[in-house]
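Chemist: What follows is a predicted structure for the sequence shown.
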Protein chains: 2
Amino acid sequence: MAQESVIKNTGLRGVKVADTKVSFIDGEKGVLIYSGYSIEDLAGHSTFEETAYLLLKGELPTSSELESFKNRIASYSVLPDHLVQSMKLWPRESNPMRILMAAISIISFEDKDSEDSAHSYIDKSAKLIASMAVVMVAWERIRKGLDPLPYSADLSHAENILHMMTGKKPDPEVSKVLDICLILHADHTFNASTFACREVVSTQADIYAGVLAGLAALSGPLHGGANEKAMNMMDELRNEDDIESWIKTKLSKKEKIYGMGHAVYKTYDPRSSILKKILEKLSSDTGQSELYELCATVEDIAVKILSEKGKDQIKPNIDFYSGTVYKMMGFPHDLFTPLFAVSRIAGWCAHIIEERFGLAQEKPSLYRPAAEYIGNYCGLTGCEYKSRSD
Amino acid sequence: MAQESVIKNTGLRGVKVADTKVSFIDGEKGVLIYSGYSIEDLAGHSTFEETAYLLLKGELPTSSELESFKNRIASYSVLPDHLVQSMKLWPRESNPMRILMAAISIISFEDKDSEDSAHSYIDKSAKLIASMAVVMVAWERIRKGLDPLPYSADLSHAENILHMMTGKKPDPEVSKVLDICLILHADHTFNASTFACREVVSTQADIYAGVLAGLAALSGPLHGGANEKAMNMMDELRNEDDIESWIKTKLSKKEKIYGMGHAVYKTYDPRSSILKKILEKLSSDTGQSELYELCATVEDIAVKILSEKGKDQIKPNIDFYSGTVYKMMGFPHDLFTPLFAVSRIAGWCAHIIEERFGLAQEKPSLYRPAAEYIGNYCGLTGCEYKSRSD
């Protein structure tokens, strides 16, 4: 082709494929901004619901807009009966990420809105934000043989998640920690799952199909699964006398230290700094200070060793602390990645709306890259077709 | 970033993002090759099962390898009972593409193979090839209030699809036409759905997650939905006296003529030539020659008008004829896109295996592009956070 270009085998790293108004990262300076607002300000002052509104609409809501948005989320919190009945038939040991993919597909069945529009997609986003949390917690109860509990319009989204999990009145401090975790994970520009959402809806596929691709990508151990792996590493290191030599051995075998380093950040991930402080307080409040100390020690040693190797841009990313925070809050390990989805659904929907109805008008209708063929080749007429003999 | 590059708003058109051995297109010359073999040879001599094996393994099977592969497909054709029971609970008017997404997610529940490997993925590919067809047809029966029919190891995949749909012994000629359609749609390099599969598994997500993203992308009207739209256009044109002025009006309003033009082919899509011949024969055999004549007339007029406008690279693509072929075979309209998936699953799996275990070793671990932030900006510290008043 005439305008052929080659960016082969780079994973498109650093390649700007589109414009966006949703979020911005300065990887050199460790800055993350959602629609103009710094992640520090949002974590400090906002709530997940308000942040979700900001991502979806591009501006902070007034208090009545926020109230109405929260009511819309609550109004969508009742799962269709054919979904709940189906879930009760499924094997209890099924992975919760796979459950989410099945459930979101089933939730799409009743969507009759053939006229896709930015307006209807804000409403569908509220539905998907509600559904992701409600399905995750419903599964946690169904697999224990319990009935799902209802969502309450009087509680925050974070409080609802904790309440629907346990049936107990959630602790305000723990709820706030979860709320901040949801804010921190809500968007992150063109990460692998968000790019999958955008790529899928570039074919004019609907918002459910886009979100499904996001879930599919997030299920990968290199993406959504990293926080669980980082926490497993901490668990392993609890009983380790010589952390320094453990890390050195790991690195000399070219194995990954999960939660360290990032495709975009070349300095401290701003979300990790916030989470680290939260973990410090939470661990002290819950009498588990030794867990915070362990994480901080592992970080210090890993950063020191990596820096000695000239890799001083490798710092803890958000996954380094989030698994430990979730564990301390009582979530089972296999809900860590679903919790990521419960938050990132806000960003996915914002990017889907932008891709379908926003800034993408000038670009060709769908993402359709090319590849270099290096396979079997007998010219343009093909190899001689004959079956191989046994 | 240092190596930042910008390919903004091009949909990555013509951008080579990876190596592949699966298939090759020469868009200028109208050539399509699967693992070395021309699409003409495969359509003329191969079967869908053999072609699927070729895509997955990179070489044609011996007759015993083919036999064993077909037996593996047949062995995976029984859906889990909790899936069939769930399907019976779902609203009958649900879109079959959404049903496929839900069902493939549910089929993944029982996958216990935590050790992903190229070897296990060939086996899982056979399972997914079986499942896609069986689910599509099972849904067609369940929504009519009928029980699904079993797959038979004695019939070809195409014959099974027809038999499971109707319960009748399939006509050999119709089965062969379906077999050729499955061959023609089985792969097409880095199209939008295949790229979605590869992007998703680049996070080390599993083959089910990859396939789910493929289904999600294929559900988009610009991708898998185009054949249905092209056929609807033919339906509309049946009662049109002046086809030429209808097309002229359409083009002057900058509306799409579905099934015309392609992101990669700048000449006749080689698959369309094959399908056009098939349609001619099938329509004559079934006494529906007027439908073939109509398609051929629309093609001639559209190509002539477009050529006069200097757009002589716009020719019919595969979607121009496939919808009409499916209709003639008795498939309901909303199964046209699922039928695409029933075939493309072979290519999706081949690309997933290549992405996970094949040629991609040298590239960064996942697709993670960048974007240009053009949103609200108050510098790196963010805008001043304050709620808007009502």
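Modeler: It's in. Only a predicted model underlies this, so the values are computations on that prediction, with no experimental measurement involved. Numbering: from 1, shown residues only, chains lettered A, B, ... in the order given.

Chemist: all contacts plus neighbour counts: C-alpha atoms, from now on.
Modeler: OK.

Chemist: what bits of chain A have low per-residue confidence?
Modeler: For chain A, applying pLDDT under 70 flags the ranges A:1-5, A:113-115, A:360-364, A:387.

Chemist: the longest helix in it is where?
Modeler: helix A:118-142 (DSSP state H).

Chemist: just checking, what packs against it?
Modeler: On a contact count with 3 or more C-alpha pairs under 8 Å, 6 or more residues apart in numbering or on different chains; DSSP states H and E, helix A:118-142 meets helix A:63-75, helix A:81-89, helix A:96-108, helix A:157-166, helix A:336-357.

Chemist: Same list as before, those that is, but in TSV and with distance to residue A:135 and mean neighbour count included.
Modeler: Shown next, in TSV, are the helices and strands packed on helix A:118-142 (distance: least, C-alpha to C-alpha, whole Å; neighbours: other C-alpha atoms under 10 Å in any protein chain shown):
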stretch	distance to residue A:135	mean neighbour count
helix A:63-75	14	17
helix A:81-89	9	17
helix A:96-108	7	24
helix A:157-166	10	22
helix A:336-357	10	26
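
Chemist: Tabulate those (CSV), appending distance to chain B.
Modeler: CSV is the format used below for the helices and strands packed on helix A:118-142 (distance: least, C-alpha to the nearest C-alpha, whole Å):
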stretch, distance to chain B
helix A:63-75, 6
helix A:81-89, 5
helix A:96-108, 5
helix A:157-166, 19
helix A:336-357, 11
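
Chemist: got the angle for the longest helix of chain A vs helix A:336-357?
Modeler: 170 degrees (axes from the mean of the first three to the mean of the last three C-alpha atoms, to 10 degrees).

Chemist: tell me which residues of helix A:118-142 are tucked away?
Modeler: A:118, A:121-122, A:124-142 (16 or more other C-alpha atoms under 10 Å in any protein chain shown).

Chemist: contact partners of stretch A:373-386?
Modeler: B:19-24, B:31, B:33, B:35-38, B:41-42, B:45, B:58 (C-alpha atoms under 8 Å, 6 or more residues apart in numbering or on different chains).

Chemist: Could I have the CA atoms of it written out in PDB?
Modeler: Extracted C-alpha coordinates of stretch A:373-386, given in PDB (Å, rounded to 0.1, in the frame of the first residue of the first chain):
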ATOM      1  CA  TYR A 373       3.400 -12.000   6.200                       C
ATOM      2  CA  ILE A 374       6.400 -14.200   7.000                       C
ATOM      3  CA  GLY A 375       4.700 -17.500   6.500                       C
ATOM      4  CA  ASN A 376       4.700 -20.200   3.800                       C
ATOM      5  CA  TYR A 377       4.900 -18.500   0.400                       C
ATOM      6  CA  CYS A 378       4.800 -19.900  -3.100                       C
ATOM      7  CA  GLY A 379       4.000 -16.600  -4.900                       C
ATOM      8  CA  LEU A 380       0.700 -14.900  -5.500                       C
ATOM      9  CA  THR A 381      -1.000 -18.000  -6.900                       C
ATOM     10  CA  GLY A 382      -0.300 -20.000  -3.700                       C
ATOM     11  CA  CYS A 383       1.400 -23.300  -3.100                       C
ATOM     12  CA  GLU A 384       0.300 -26.400  -5.000                       C
ATOM     13  CA  TYR A 385      -2.700 -27.800  -3.100                       C
ATOM     14  CA  LYS A 386      -2.300 -31.500  -2.300                       C
END
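
Chemist: Tell me where the stretch 201-350 of chain A has helices.
Modeler: Remark: helices assigned in the stretch 201-350 of chain A by DSSP state H, counting those that start in this stretch are A:207-218, A:226-237, A:243-252, A:270-285, A:289-308, A:318-328, A:336-357.

Chemist: residue contacts, residue A:110?
Modeler: Contact analysis of residue A:110 by C-alpha under 8 Å, 6+ apart lists B:91, B:94.

Chemist: name the element it belongs to?
Modeler: Using DSSP states H and E, residue A:110 falls within no helix or strand.

Chemist: Could you measure from it over to residue A:99?
Modeler: Note on residue A:110: its distance to residue A:99, by C-alpha to C-alpha, to the nearest Å, is 18 Å.

Chemist: And residue A:292, by the same measure?
Modeler: Relative to residue A:99, and taking C-alpha to C-alpha, residue A:292 is found at 32 Å.

Chemist: How about residue A:297?
Modeler: From residue A:297 across to residue A:99, the span is 36 Å (C-alpha to C-alpha).

Chemist: ok, now residue A:375?
Modeler: With distances taken as C-alpha to C-alpha, residue A:375 is found 37 Å from residue A:99.

Chemist: and what of residue A:177?
Modeler: As judged by C-alpha to C-alpha, residue A:177 and residue A:99 stand 26 Å apart.

Chemist: now residue A:337
Modeler: 12 Å.

Chemist: now residue A:356
Modeler: Residue A:356 is 27 Å from residue A:99, by C-alpha to C-alpha.

Chemist: Repeat that for residue A:253.
Modeler: Separation of residue A:253 from residue A:99 (C-alpha to C-alpha): 35 Å.

Chemist: residues from the stretch 151-300 of chain A in reach of chain B?
Modeler: A:189-193, A:195-196, A:199-206, A:209-210, A:212-213, A:216-223, A:263 (C-alpha under 8 Å from any C-alpha of the partner chain).

Chemist: Restricted to buried residues, select those residues in ChimeraX.
Modeler: Buried members of these, defined by 16+ other C-alpha under 10 Å, are picked up in ChimeraX with:
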select /A:189,190,191,192,193,195,196,199,200,201,202,203,204,205,206,209,210,212,213,216,217,218,219,220,221,222,223
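
Chemist: so how far is stretch A:23-38 from its chain's centroid?
Modeler: With C-alpha atoms, centre = their mean, to the nearest Å as the basis, stretch A:23-38 stands 17 Å off its chain's centre.
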